[in-house]
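Novice: Sequence and predicted structure, then a few things I'm wondering about:
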Amino acid sequence: MSEARTPAEIESDIVRRRQELAETLDELAVRVHPKTIAGDVKARAAATVDRTAGRAYVAVNRTVSDVRARFTDEEGRLRPGRVVPVALLAVGVAGLVVVSVRRRGRRR
């Protein structure tokens, strides 16, 4: 059997439990406060944006490295056999865009 507790021990236990309950209620009040909730949402959104931006940076960096590797040799010099066709294609597309814009301007 358990030992009988004195009234002072019981009272001390009640005081301690009240303090614990008060602390728990204070923590809950802080957690459900609108500013706390808004701050948590902002922090999660910022973390998501940072994570997404980081992934995008890695993807872009990988793509740029791949493109650079295709158009340069081991010493970093351009490979004309690969650069010239792409440059001609770019000039052709730019020319088509200019012609298209001019035609639209004449129609109006």
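Specialist: Perfect, thanks for sending it.

Novice: Please pull up the helix or strand immediately following the host helix or strand of residue 10.
Specialist: Per DSSP states H and E: residue 10 is located in helix 7-32. Where DSSP H and E defines the elements, the next helix or strand beyond helix 7-32 is helix 34-71.

Novice: about what we covered before: now the angle from the helix holding residue 10 to helix 34-71?
Specialist: Angle, helix 7-32 to helix 34-71, by axes from the mean of the first three to the mean of the last three C-alpha atoms, to 10 degrees: 50 degrees.

Novice: Could you list the buried residues of helix 7-32?
Specialist: By 16 or more other C-beta atoms under 10 Å, helix 7-32 has no buried positions at all. In this view, the C-beta of every residue, glycine as well, is placed from N, C-alpha and C.

Novice: got the CA positions of stretch 44-56 in CSV?
Specialist: Backbone C-alpha positions of stretch 44-56 (Å, rounded to 0.1, in the frame of the first residue of the first chain) are rendered in CSV as follows:
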residue,chain,number,x,y,z
ARG,A,44,6.4,27.7,-44.2
ALA,A,45,5.8,29.7,-47.3
ALA,A,46,9.3,31.2,-47.2
ALA,A,47,10.8,27.8,-46.7
THR,A,48,8.8,26.4,-49.7
VAL,A,49,9.9,29.3,-51.9
ASP,A,50,13.5,28.9,-50.8
ARG,A,51,13.4,25.2,-51.5
THR,A,52,11.8,25.8,-54.9
ALA,A,53,14.2,28.5,-55.8
GLY,A,54,17.1,26.2,-54.8
ARG,A,55,15.8,23.4,-57.0
ALA,A,56,15.3,25.8,-59.9
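
Novice: so how far is the worst-scoring helix or strand of the chain on mean pLDDT off the chain centroid?
Specialist: When each helix and strand of the chain is scored by mean pLDDT, DSSP states H and E, helix 80-107 comes last, with a mean of 90. Distance, stretch centre to chain centre, for helix 80-107: 36 Å (C-alpha atoms, centre = their mean, to the nearest Å).
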